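Asks: what follows is a predicted protein model with its sequence.
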Amino acid sequence: MKVSELMNPKGVLLYAKIDNSADALGILVELQEGIGVITNGNAYYNAVSYRETFGGTTAIGGGIALPHACNAGVSAPGISALLLRRGVDWGAPDGEPVDLVFMIAVPPGSESLHLQILARLVNLLSRSDLVESLRTASNPHRFVELIAKAENACFAE
């Protein structure tokens, strides 16, 4: 399954003015609810917050975080994204503030798919040219288009 196919431009918010990771998680959950991926926002928010607090940070370095959880509040796999105007502390291993966040939501029983999505997203985001393009995307449609283009170039399917 392609990462880009799990994204909807309506689930992407660019240049948001958010001051902390908890608020960023809340916005990402709302975006997922808006596109019908999450049916119980409170349950999913609590699961992701718990994961961040007790499972370790989902920041991977380079200003990127990938919060995720398998939860009954999820009806279908999906990814929302948030680009922040200014980075926030996410407990990243490199100490850098996070300004690019992708939330991966999958329903229970989809752990294998969850790991596939996470691995593919990490692979794509290891490409600095893509990350820089995403940080300057003009609109959510372009943001998703950039991911699709990179994904098609990287993974022949």
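Replies: Okay, I see it. Numbers count the residues shown, from 1 in each chain.
Asks: helices along the chain, start to end?
Replies: Counting by DSSP state H, the chain has helices at residues 21-34, 41-54, 111-125, 128-135, 140-154.
Asks: now for those helices, which one comes closest to residue 88?
Replies: Checking the helices of the chain against residue 88 by C-beta to C-beta gives helix 21-34 as the closest, at 5.6 Å. No exception for glycine: its C-beta is placed from N, CA and C like everyone else's.
Asks: give me the angle between that closest one and helix 140-154.
Replies: Orientation check (axes from the mean of the first three to the mean of the last three C-alpha atoms, to 10 degrees): helix 21-34 against helix 140-154 gives 90 degrees.
Asks: ok, and what's touching the helix or strand bottoming out on mean pLDDT in the chain?
Replies: The weakest-scoring helix or strand in the chain, judged by mean pLDDT, DSSP states H and E, is strand 68-70 (a mean of 86). By C-beta atoms under 8 Å, 6 or more residues apart in numbering, the residues outside strand 68-70 that reach it are 44, 47-48, 50-51, 58, 103-111, 114, 118.
Asks: let's see it at 10 Å
Replies: Strand 68-70 has contacts (C-beta atoms under 10 Å, 6 or more residues apart in numbering) with 43-52, 55, 58, 79, 102-111, 113-115, 117-118, 121.
Asks: if we can go back for a sec, any idea which of the helices of the chain is most buried?
Replies: helix 21-34 (a mean of 20; mean count of other C-beta atoms under 10 Å).
Asks: quickly list what the residue nearest to the spatial centre of the chain is bridged to.
Replies: Central residue of the chain (C-alpha atoms, centre = their mean): residue 102, 1.1 Å from the mean position. With DSSP bridges as the criterion, residue 102 is bridged to residue 81.
Asks: that one against residue 4, yeah?
Replies: No: using C-beta atoms under 10 Å, residue 102 is not in contact with residue 4; the gap is 11.7 Å.
Asks: dump the helices of the chain into a markdown table; add mean pLDDT as well.
Replies: As requested, those are exported to a markdown table (pLDDT from 0 to 100):
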| stretch | mean pLDDT |
| --- | --- |
| helix 21-34 | 96 |
| helix 41-54 | 91 |
| helix 111-125 | 92 |
| helix 128-135 | 97 |
| helix 140-154 | 96 |
